[in-house]
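Student: sequence below, structure please.
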Amino acid sequence: MAVEVGTKAPDFTLSNQDFQPVTLSAALANGPVVLAFIPAAFSGVCEKEFCTLRDGLLGSLNNLSKAQVFGISVDTFFTLKAWAT
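Tutor: Numbers count the residues shown, from 1 in each chain. Prediction:
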């Protein structure tokens, strides 16, 4: 499914690694949001992607807009908790 830049994302609620619900519209009330979709925690691709966000892009995003970054994955809560730690 192709999405054009600037298209408004549909609202959704997902649980985070601590089983707490996170709703996109609530997050957007606090400012810009970056959604990063990752296929699997602990894979080289995902680790590199998030390190790039943390080490390069995140500083720029925070300085410009105080954007919040959310990673979305199909991994289990337990896997994501371990990966976040």
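
Student: pretty sure Gly71 sits in a strand.
Tutor: Yes: per DSSP: H, G, I helix; E, B strand; the rest coil, Gly71 lies within a strand segment.

Student: relative to Glu4, how far out is it?
Tutor: Look at Gly71 and Glu4: by CB to CB, to the nearest Å, they are 22 Å apart. Glycine gets a C-beta too; all of them are placed from N, C-alpha and C.

Student: more crowded one of these two?
Tutor: Comparing Gly71 with Glu4 by other CB atoms under 10 Å, the one with more neighbours is Gly71, at 20 against 5.

Student: surely the more buried one is in contact with Ile38?
Tutor: Yes: here Gly71 reaches Ile38: they are 5.5 Å apart, a contact under CB atoms under 8 Å.

Student: so what sits against both of those two?
Tutor: Phe50 (CB atoms under 8 Å, 6 or more residues apart in numbering).

Student: residues in contact with the most centrally placed residue in the chain?
Tutor: The centroid of the chain falls nearest to Phe70 when counting by CA atoms, centre = their mean (1.9 Å). When contacts are counted by CB under 8 Å, 6+ apart, Phe70 touches 22, 27, 33-36.

Student: which of these are buried?
Tutor: The neighbour-count test (16 or more other CB atoms under 10 Å) marks Val33 as buried among the contacts of Phe70.
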